[in-house]
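Q: Got a sequence here, can you model it:
(one chain, ligands or ions: 1)
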Amino acid sequence: MNSIPASFKIDAASSKDAAPSILTVDDVVKRFETPDGPLIAVDHMSLDVREGEFVSVIGPSGCGKSTLFNLIGGLLSPSEGQITVAGEEVRGPHPSIGMVFQEESTFPWRTVEENVAFSLEVQGVGKAERLERAHHFIAMVGLRGFEKSYPTELSGGMRQRVSMARTLAFEPKLLLMDEPFAALDEQTRLLLGDKVLQIQQELNQTVVLITHNITEAVQLSDRILIMTYRPGRTKRFVEIKLPRPRSSEIVGSDAFGHYVAEIWNDLREEASKGMQDEEMTVQRRRR
Ligand SMILES: Nc1ncnc2c1ncn2[C@@H]1O[C@H](COP(=O)(O)OP(=O)(O)OP(=O)(O)O)[C@@H](O)[C@H]1O
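A: Have a look, this model is predicted:
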């Protein structure tokens, strides 16, 4: 493995310690009623994210990551506890929160610029201004030249960048992403990670990323919240003290490898519980 390139100098993680808090998840519980009785998907979780911070939430399949994403985004209400964004309690979809989903969410009948301008159109921004802003964010995600293309003419990675530009265009205080690159191959994912890093730095964007990809989490984050397997609780936080600005070059460094190993150690334990649980469920169904 290579050591961290000398050009990476700034340790940005510590400079964010003094920034004000944008997102507070305070002792949140989410229970679902199921035919087998109540199921606790999120169990007394708390999280405080500061302005400009990049926090990833990682955990095994079924641990409650998407539930937490939907709670923060206001698509679900907590059974207990409270979530505030920019000082306001989240009681439904909130203009301060921009969401990017795992599934592709571009409108196939609209061109790239019409897709990106959509949220601005909804906000009543005039045509000239919304096109100007759309072009700015299209360039930011690296899609200049594709303004008039339709989503079907683009690759999956390009379409996810269109979704990201559309979300960024209304300048959310918090960008919430649920496995946005899950369907892409590893190389594309790493290179798109570079794009996300650049954008985050340029906008000082606060980001919460839901993922089960350790490499992606370490590459991008200031802090990683590791969740336990069902019920979803905070297992621990890992601060990623890799210097910024970062790029995917850092993936080959020793320091990066140490973080990946450390997080895998924690996750392996939780993922094993998940596998055992699934096996028992299959056996029960067979009987
Ligand atoms: N609407 C719902 N009703 C009942 N149970 C639900 C509901 N949504 C999620 N669950 C359950 O809550 C638990 C957590 O699910 P969730 O989708 O949040 O996990 P996840 O970590 O995002 O999983 P994955 O990584 O596989 O997407 C699971 O046991 C799931 O079956």
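Q: Backbone dihedrals for Asp185, both of them.
A: Asp185 adopts backbone torsions of phi -70, psi 160, taken as degrees, to the nearest 10.
Q: swap in Glu104?
A: Torsion angles, degrees, to the nearest 10, at Glu104: phi -60, psi 140.
Q: For the residue nearest the centre of the chain, report the pLDDT, please.
A: Most central in the chain under CA atoms, centre = their mean is Leu209, positioned 1.7 Å from the mean C-alpha point. Predicted confidence (pLDDT) for Leu209: 96.
Q: in what helix or strand does it lie?
A: Per DSSP states H and E, Leu209 falls inside strand 206-211.
Q: what does the helix or strand just after that strand rub up against?
A: With elements assigned by DSSP H and E, the helix or strand that comes after strand 206-211 is helix 214-220. By CB atoms under 8 Å, 6 or more residues apart in numbering, the residues outside helix 214-220 that reach it are 54, 56, 58, 181, 186, 189-190, 193, 196-197, 200, 207, 209, 211, 224, 240, 242, 246, 248, 250-251, 256, 259-260, 263-264, 267. In short, each C-beta sits where N, CA and C put it, glycine included.
Q: is helix 214-220 up against the ligand anywhere?
A: No - using CB under 6 Å from any ligand atom, helix 214-220 stays clear of the ligand, coming no nearer than 13.3 Å.
Q: close to the ligand, is whichever helix or strand comes after that helix?
A: Scanning forward in sequence from helix 214-220 by DSSP H and E, the next helix or strand is strand 223-227. No - using CB under 6 Å from any ligand atom, strand 223-227 never reaches the ligand; the gap is at least 7.3 Å.
Q: tell me which residues in the following helix or strand past strand 223-227 are buried?
A: For strand 223-227, the following helix or strand on the C-terminal side (DSSP H and E) is strand 234-239. Across strand 234-239, burial judged by 16 or more other CB atoms under 10 Å covers 234-235, 238.
Q: what sits against the nearest residue to Pro151 once chain neighbours are set aside?
A: Of all residues not flanking Pro151 in the chain, Thr106 sits nearest, at 4.2 Å (CB to CB, 6 or more residues apart in numbering). Residues in contact with Thr106 (CB under 8 Å, 6+ apart) are 115, 151, 159, 162-163, 166.
Q: so how far is the ligand from Thr106?
A: Thr106 sits 21 Å away from the ligand, going by CB to the nearest ligand atom, to the nearest Å.
Q: Next: Gln82.
A: Going from Gln82 to the ligand by CB to the nearest ligand atom gives 19 Å.
Q: May I ask which helix or strand encompasses that residue?
A: Assessed by DSSP H and E, Gln82 sits inside strand 80-85.
Q: helices or strands up against the helix or strand that that strand is followed by?
A: Sequence order places strand 88-89 as the next helix or strand after strand 80-85, per DSSP H and E. Under the contact definition 3 or more CB pairs under 8 Å, 6 or more residues apart in numbering; DSSP states H and E, strand 88-89 sits against no other helix or strand.
Q: Tell me the helix or strand right after strand 88-89.
A: Later in the chain than strand 88-89, the nearest helix or strand by DSSP H and E is strand 97-100.
Q: Name the residues that touch the very next helix or strand once past that next one?
A: Note on strand 97-100: by DSSP H and E, the next helix or strand toward the C-terminus is helix 112-122. Residues outside helix 112-122 that contact it (CB under 8 Å, 6+ apart) are 106-107, 110, 129-131, 133-135, 137-138, 143, 146-151, 154, 162, 165-167, 169-170.
Q: from the middle of its chain, how far away would helix 112-122 be?
A: 22 Å (CA atoms, centre = their mean, to the nearest Å).
Q: which helices and strands does the very next helix or strand once past it pack with?
A: As assigned by DSSP H and E, the chain's next helix or strand after helix 112-122 is helix 127-140. Applying 3+ CB pairs under 8 Å, 6+ apart, one finds that helix 127-140 contacts helix 112-122, helix 156-168.
Q: Just name the most buried of the ones you listed.
A: Counting by mean count of other CB atoms under 10 Å, helix 156-168 has the highest mean neighbour count of the helices and strands packed on helix 127-140, with a mean of 23.
Q: helices or strands up against the strand holding Gln82?
A: Helices and strands touching strand 80-85, as assessed by 3+ CB pairs under 8 Å, 6+ apart, comprise strand 21-34, strand 37-50, helix 65-72.
Q: Let me have these in JSON lines, extended by mean neighbour count.
A: Shown next, in JSON lines, are the helices and strands packed on strand 80-85 (neighbours: other CB atoms under 10 Å):
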{"stretch": "strand 21-34", "mean neighbour count": "17"}
{"stretch": "strand 37-50", "mean neighbour count": "17"}
{"stretch": "helix 65-72", "mean neighbour count": "23"}
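Q: Many thanks, we can stop here.
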